[in-house]
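Undergrad: Return a 3D structure for these sequence lines:
(one chain, ligands or ions: 1)
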Amino acid sequence: MVRRFSTTAPESAKALLGERLKFPSGKYAQNRFLKAALTEMLSVFDPSNPKVNGVPTQEILNVYDKWGNGKFGLILTGNVQVSPVHLEAPGNAMIFKEGETPARREAYTKWAQTIKQDGALAVVQLSHGGRQTPITVNTTPFSASDVKLEKEVRFLGFGKPIPLTVEQIKTEVIDRFVYAAKYAYETGFDGVQLHGAHGYLLAQFTSPTTNKRTDQYGGSIANRQRIILEIYEAIRKEIPASTGFLIGLKTNSVEFQSEGTTVDDAIEMCKAYEKIGFDFVELSGGTYEQLAFQHIRDSTRQREAFFLEFAEKIRPVFKNTVVYLTGGFRTVNAMVDAVKTGATQGIGLGRPITAEPDLPKKILEGSVPSAIHDALDQNNFAVSLLASNTQMEQMGRNSFKEAKQDVSYGLSDFSDEETVKRFGKAIEDFIELTRVQASKGVAIPAVITFEGVKV
Ligand SMILES: Cc1cc2nc3c(=O)[nH]c(=O)nc-3n(C[C@H](O)[C@H](O)[C@H](O)COP(=O)(O)O)c2cc1C
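TA: I've put the predicted structure just below:
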């Protein structure tokens, strides 16, 4: 029996969270729930063979077969990379012109269909790793400037980045995002979300920590966010808003680091996103330098969402652009409260929906008042990240039908302390494996295969 956050959901929750959201370019999400982007690391990883590198696998389709039966309003893919040599992690899905093949197109077409089966909108999150590309993948990645990330993430370091020239900003970034957006449109997705948060390339431009440029892409807020606005316009030239194709953005409401983006910067930038016509903006925060997926103050602990106080400040900027807030939501009460107080229109969910892929469905039916309360260390994001990826790998082992229409079939229950203890041992083994492989220069996906049931 899983353990949940103990609370009672208000009767009004089903109707409120079940409300449709209308986007400026015309489409509707069937309710307020957003499946946040969660990197799967389950695509083909073969850097020597661009034709197959980053092709989504049957495992990914199985994962989304579960979420596609979970009654989300909008489902984002995990970060899909637009440059084959700038990954967030080995095993990322990718869309890039050098990798164009019928097999890749077929996989993306099936992916979109799988997501949409119970009415969710299917949106690809497009990203470029920039300086946050692991060193085992690229020792000299591109970035806005040459500021190296002096940290290890998933037990790996990062190379000193090379600043993009103005010409390369067009050919290596804007053109690649446009190519991938057109691809998503042609394969049946309802839209794309540009990943402008968490310290990846677009955030390396918007953040003064990593943007030391003195040209038209650095300095003022308008210059730092120029690349995002140029990508938006270049995509819209190819796919006008009249098609209904959504363009969204994930952006940081705040970065808790030296010279990081402040909430006042975020307010200014969001004014431009509203003005240019983004369909939706998902508010998040933090970077690899200073992760922010935990409570920094007790006041936010009470209201759950990590970036709530920043969302409240930013929200009045948006009139047409739909706002989602992601990070920390665990009880229906907190979700309802965030919508009622006007901090957000949509509710983004990450870790709770790898533990329970149909959480929105259960909330909308009124059968649960909260997410599963895991027994993982809440102050250690790395552990919960690995746990979520483990659950995704388990979701990927069988289709919805093979799992006898039980989306939670074979998932580890991390609300059970004994399971968490055993997982701790699996993490230790995995760290050792990663280190040994990295010392040989070999990159491996950070996916721990851990128990679960095969059918
Ligand atoms: C396993 C895992 C993978 C993630 N991958 C991505 C990603 O690909 N893109 C992204 O924007 N955020 C990613 N995130 C961040 C989530 O989208 C979300 O912002 C974060 O987990 C906070 O939400 P939560 O508290 O509901 O989990 C990831 C988080 C986890 C746990």
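
Undergrad: burial measure for Y179, as a count.
TA: 18 (other Cβ atoms under 10 Å). Bear in mind the C-beta positions are built from the backbone N, C-alpha and C, glycine included.

Undergrad: ah, wrong one, I meant T449
TA: Number of residues near T449 (other Cβ under 10 Å) recorded here: 11.

Undergrad: Now do stretch 27-39, average pLDDT.
TA: Averaging pLDDT along stretch 27-39 gives 98.

Undergrad: Give me the buried positions along that stretch.
TA: By 16 or more other Cβ atoms under 10 Å, the buried positions in stretch 27-39 come out as 27, 29-39.

Undergrad: so can I have CSV of these showing distance to the ligand?
TA: Output for those, formatted as CSV (distance: Cβ to the nearest ligand atom, whole Å):
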residue, distance to the ligand
K27, 21
A29, 17
Q30, 20
N31, 17
R32, 14
F33, 11
L34, 9
K35, 9
A36, 3
A37, 3
L38, 4
T39, 4
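
Undergrad: Stretch 328-337 vs the ligand: in contact?
TA: Yes. Part of stretch 328-337 sits near the ligand under the criterion Cβ under 6 Å from any ligand atom, namely 328-329.

Undergrad: Just the C-alphas of that stretch, formatted as CSV.
TA: Listed in CSV are the C-alpha atoms of stretch 328-337, where the atom choice follows Å, rounded to 0.1, in the frame of the first residue of the first chain:
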residue,chain,number,x,y,z
GLY,A,328,7.0,21.0,-5.7
PHE,A,329,3.2,20.4,-6.2
ARG,A,330,2.2,17.3,-4.1
THR,A,331,-1.3,17.9,-2.8
VAL,A,332,-4.6,18.9,-4.5
ASN,A,333,-5.0,21.7,-2.0
ALA,A,334,-1.8,23.4,-3.0
MET,A,335,-2.7,23.1,-6.7
VAL,A,336,-6.1,24.6,-6.1
ASP,A,337,-4.6,27.4,-4.0
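
Undergrad: What lies in contact with stretch 164-171?
TA: 142-144, 172-173, 215-217, 227 (Cβ atoms under 8 Å, 6 or more residues apart in numbering).

Undergrad: Just the buried residues of those.
TA: Buried by 16+ other Cβ under 10 Å: 142-144, 172-173, 217, 227, out of the contacts of stretch 164-171.

Undergrad: For the chain, which segments count as strands?
TA: Here the chain has its strands, by DSSP state E, at 21-22, 28-29, 33-35, 74-81, 121-127, 142-143, 162-163, 191-196, 246-252, 280-284, 322-326, 346-349.

Undergrad: can you put the ones you listed in TSV and add distance to Q204?
TA: Converted to TSV, the strands of the chain look like this (distance: least, Cβ to Cβ, whole Å):
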stretch	distance to Q204
strand 21-22	30
strand 28-29	30
strand 33-35	24
strand 74-81	15
strand 121-127	12
strand 142-143	5
strand 162-163	10
strand 191-196	10
strand 246-252	11
strand 280-284	15
strand 322-326	20
strand 346-349	22
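
Undergrad: near the ligand, which residues of this structure show up?
TA: Neighbours of the ligand within the chain, by Cβ under 6 Å from any ligand atom: 36-39, 78-79, 125, 195, 197-198, 250, 284, 293, 326-329, 349-352, 385, 388-389.

Undergrad: list the helices and strands the longest helix seen in the chain packs on?
TA: The single longest helix within the chain, with elements called by DSSP state H, is helix 417-439. Packing partners of helix 417-439 (3 or more Cβ pairs under 8 Å, 6 or more residues apart in numbering; DSSP states H and E): helix 381-395.

Undergrad: Show me which residues of the helix it packs on are buried.
TA: Buried, per 16+ other Cβ under 10 Å, within helix 381-395: 381, 383-395.

Undergrad: cool, and stretch 57-64?
TA: Across stretch 57-64, burial judged by 16+ other Cβ under 10 Å covers 57, 59-64.

Undergrad: show me what contacts the residue in the chain that the ligand sits nearest to?
TA: Using Cβ to the nearest ligand atom, G350 is the residue of the chain that sits closest to the ligand, at 2.7 Å. G350 makes contacts with 36, 38, 326-327, 388, as judged by Cβ under 8 Å, 6+ apart.
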